[in-house]
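Enquirer: Generate coordinates for the sequence data below:
(one chain, ligands or ions: 2)
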Amino acid sequence: MSFKLGDGIEMPLIGYGLGSANMVIEHKDVVSATDMALKNGFHHLDCAEAYKNEAAVGESIKASGIPRESLFITTKVTGFPGQNVEEAFSSSLQKLGTDYVDLYLIHLPYVAPDEMSSFWSQLEAIHATGRARSIGVSNFLQKHLEALLEKATIKPAINQIEYHPYLQHGDLVRYCQERGIPVSAYGVLTAITKARPGPVDAIYAELAAKYGVGENDIAIKWCIDQGIAVITTSSNPERLNGFRDSVDKFTLAPEEIQRISELGQEKHYRAVYGGTMESSQMIEAELE
Ligand SMILES: NC(=O)C1=CN([C@@H]2O[C@H](COP(=O)(O)OP(=O)(O)OC[C@H]3O[C@@H](n4cnc5c(N)ncnc54)[C@H](O)[C@@H]3O)[C@@H](O)[C@H]2O)C=CC1
Ligand SMILES: O=CCc1c[nH]c2ccccc12
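Expert: Residues are numbered from 1 along each chain as shown. Ligands and ions are numbered 1, 2, ... in the order given. The predicted structure follows:
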């Protein structure tokens, strides 16, 4: 199933995530995880320079023999103030072993508001060369988007954010969607994998029983049925295929989506970048 980006380009609805917070994954394990994803038909790969594993992903892509046009490759420039985006981008392309990416994102809104437009213009310049088919952002709140949009000539094609019942970011999703900036979600399984016990446990279990699926499927469909794409990951092929199968298996009723949203608002939990999105401690430690 595919998902329309803000610029009209189609992206596979579920992306396979290659970032693992707070964990160093060995080169060979990244190669075999990517092999497994590709063999199971997950052709949308979510990478980042900060994950420091683009070379392993590139190695697996090359070995797979899958034609480049059948893949959808996302990568991200970290977004440090003063960063030379062209340099970061060329290095990503070289490591991934490709001459273009499908989607290039600013990973984090580190850049000050008055510098944001000029930082974004570096991505616009890359887009103009055709080496990034689409450009977008990640972890951007409304204030960051406002700063970026002030002088942008191209709107971000997506905003990739942590999104689950315990982190709904107020009106951010509506703000983005109303401006033609679709949203993709990471951390979608947080209420199950990291934040138990919690107020959505019972409704996840109830709806999983009702639809004859797993609770992971309910978590993923709560995003998809709100028009949000999903980036998830697993080293377990059965679990991975289960994520994809859930898309067509059932549809959550609007009142079920609403109930999960309401219950989720009773708890706040951020799985990644503990504290605030402005917190740079974790990313700086990772990049050392
Ligand atoms: N743009 C950004 O700043 C960020 C992007 N991401 C992207 O999103 C991807 C997915 O991120 P996650 O937060 O890991 O996503 P997630 O919430 O989808 O969790 C996936 C993890 O849950 C585990 N899991 C699945 N079902 C489970 C179960 N029933 N019990 C226990 N564990 C279970 C999987 O093995 C996997 O490690 C990353 O690989 C990365 O590509 C992630 C974090 C930040
Ligand atoms: O992108 C999300 C989380 C993550 C995983 N590994 C790293 C390294 C540096 C920054 C962020 C992350």
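
Enquirer: make it CA atoms for all contacts and neighbour counts henceforth
Expert: Noted.

Enquirer: Nearest spatial neighbour of Thr78, chain-adjacent residues omitted?
Expert: In space, and not counting its chain neighbours, Thr78 is closest to His107: 4.8 Å by Cα to Cα, 6 or more residues apart in numbering.

Enquirer: so how far is Tyr166 from the one you found?
Expert: Look at His107 and Tyr166: by Cα to Cα, to the nearest Å, they are 21 Å apart.

Enquirer: do the same with Gly130
Expert: Using Cα to Cα, Gly130 is found at 38 Å from Tyr166.

Enquirer: So which of the two has more stuff around it?
Expert: Set Gly130 next to Tyr166 and count neighbours by other Cα atoms under 10 Å: Tyr166 wins out with 26 against 13.

Enquirer: and the gap between that one and ligand 2?
Expert: Tyr166 sits 18 Å away from ligand 2, taking Cα to the nearest ligand atom, to the nearest Å as the criterion.

Enquirer: before we move on, what about Gly274?
Expert: For Gly274 relative to ligand 2 (Cα to the nearest ligand atom), the value is 11 Å.

Enquirer: With Trp120 instead?
Expert: Counting by Cα to the nearest ligand atom, the separation of Trp120 from ligand 2 is 19 Å.

Enquirer: mind listing what's buried in stretch 67-86?
Expert: Of all the residues in stretch 67-86, those buried under the rule 16 or more other Cα atoms under 10 Å are 71-80, 85.

Enquirer: One more: stretch 55-66?
Expert: Going by neighbour count (16+ other Cα under 10 Å), the buried part of stretch 55-66 is 55-61.

Enquirer: Please see if it touches ligand 1.
Expert: No: residues of stretch 55-66 contacting ligand 1 under Cα under 6 Å from any ligand atom: none, with a closest distance of 12.0 Å.

Enquirer: For the stretch 1-150 of the chain, what lies in contact range of ligand 1?
Expert: Looking at ligand 1, the residues of the stretch 1-150 of the chain close enough under Cα under 6 Å from any ligand atom are 17-20, 46-47, 107, 138.

Enquirer: Most neighbours among the residues you listed, which one?
Expert: With neighbours taken as other Cα under 10 Å, the top of these is Cys47, carrying 25 neighbours.

Enquirer: mind listing what it touches?
Expert: Neighbour list for Cys47: 17-19, 53-54, 73-76 [criterion: Cα atoms under 8 Å, 6 or more residues apart in numbering].

Enquirer: what's the pLDDT at it?
Expert: For Cys47, the pLDDT comes out at 98.

Enquirer: and Leu93, helix, strand or coil?
Expert: helix (DSSP: H, G, I helix; E, B strand; the rest coil).

Enquirer: Can you report how many residues lie near the spatially closest residue to it that is not a sequence neighbour?
Expert: Nearest residue to Leu93, sequence neighbours excluded (Cα to Cα, 6+ apart): Asp99, at 6.0 Å. Neighbours of Asp99 under the rule other Cα under 10 Å: 13.

Enquirer: and Asp99, helix, strand or coil?
Expert: Applying three-state DSSP: Asp99 is coil.

Enquirer: how far does stretch 28-48 stretch from start to finish?
Expert: Stretch 28-48 end-to-end distance (Cα to Cα) = 18 Å.

Enquirer: go on, stretch 16-32?
Expert: End to end - Cα to Cα - stretch 16-32 spans 13 Å.

Enquirer: Tell me the buried residues in that stretch?
Expert: By neighbour count on 16+ other Cα under 10 Å, the buried set for stretch 16-32 is 16-19, 27, 30-31.

Enquirer: Perfect, I'm done here.
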